[in-house]
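Q: Need a 3D model of the following:
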Amino acid sequence: MVEINSSSGYRDEMAAAIGVAVMQWQDATQAYDEAVGTRLGLNVAERHCIGLLHGGPQSAGAIATATGLTPAAVTALIDRLEARGLLTRTRSLEDRRKVVIEATEATRELSARYYGAIAKEGEKVIATFSDAELATISRFVNAALDLQRAQLARLKAEGPDTPG
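A: Residues are numbered from 1 along each chain as shown. Okay, the predicted model is just below:
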């Protein structure tokens with residue numbers, strides 16, 4: 001086994017190649033999501049909302065927080081998606097004042113149609129890695145996700161740039 005230290009030229013090349021690959025992965029994912037959205041007639045916020053619901057039911061407030069939309073804009077978004085049969089709005093059983101937003105069976109079918117093959121092929125790719133490699137990949141992905149979220153929070157806290 002070759003040990004690579006932090007001053008290795010190979011390490012620098014690999015780090016740069018990983019950075020480029022991650023950017024290309026982000027671009028490819030975004031392009032695919034946009035193509036699915038175009039095919040289904042969904043805008044970015046609508047796709048984001050449906051993606052949030054993939055993880056389970058959400059409140060309208062949680063959708064507003066995640067999308068950055070105002071409560072009024074989220075209500076309009078929910079109205080549009082509900083009218084298309086892509087989500088349902090029901091009263092919470094625990095607190096009747098709260099509304100719960102859920103994906104419908106039609107949404108789950110569309111998700112399976114457009115993302116099921118990616119998930120299935122992704123499982124095959126993951127199966128090619130050892131447990132130790134998967135642990136490293138998981139550590140990298142989660143660290144990169146934490147970094148991206150922190151940078152987004154920083155950017156939002158700074159406010160808009162003003163032309164100089």
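Q: helix/strand/coil for L93?
A: Secondary structure, DSSP: H, G, I helix; E, B strand; the rest coil: L93 is coil.
Q: following the lengthiest helix in the chain, which helix or strand comes up?
A: In the chain, ranked by residue count with DSSP state H as the criterion, the top helix is helix 9-40. Going down the chain from helix 9-40, the next helix or strand is helix 44-54, by DSSP states H and E.
Q: How about residues contacting that following helix?
A: Contacts with helix 44-54, where a contact means Cβ atoms under 8 Å, 6 or more residues apart in numbering, come from 33, 36-37, 42, 58, 62-63, 66-67, 69, 73-74, 77-78, 80-81, 86-87, 101-103, 107, 111. Where C-beta positions appear, they are placed from N, C-alpha and C, glycine not excepted.
Q: Just the ones of these in helices?
A: Short answer: those in helices (DSSP H) are 33, 36-37, 62-63, 66-67, 73-74, 77-78, 80-81, 107, 111.
Q: returning to what we had before: could you identify the buried members of the contacts of helix 44-54?
A: 33, 36-37, 42, 58, 63, 67, 69, 74, 77-78, 80-81, 86-87, 101, 103, 107, 111 (16 or more other Cβ atoms under 10 Å).
Q: Can you give me the neighbour number for H48?
A: A count of neighbours around H48, defined by other Cβ atoms under 10 Å, yields 19.
Q: typo on my end, it should be A35
A: When counting by other Cβ under 10 Å, one arrives at 11 neighbours for A35.
Q: likewise the one 4 residues further on?
A: The local packing of R39 (other Cβ under 10 Å) involves 10 other residues.
Q: mind checking how far the closest residue to it other than its chain neighbours is from H48?
A: Using Cβ to Cβ, 6 or more residues apart in numbering and skipping residues adjacent in sequence, the residue nearest R39 is Y114, 7.9 Å away. From Y114 across to H48, the span is 15 Å (Cβ to Cβ, to the nearest Å).
Q: Now do the buried residues in the longest helix of the chain.
A: Of all the residues in helix 9-40, those buried under the rule 16+ other Cβ under 10 Å are D33, V36, G37.
Q: list the helices and strands it packs on?
A: helix 44-54, helix 105-126 (3 or more Cβ pairs under 8 Å, 6 or more residues apart in numbering; DSSP states H and E).
Q: Out of those, which is closest to L152?
A: helix 44-54 (13.5 Å; Cβ to Cβ).
Q: quick one: average pLDDT of the closest one?
A: Averaging pLDDT along helix 44-54 yields 93.
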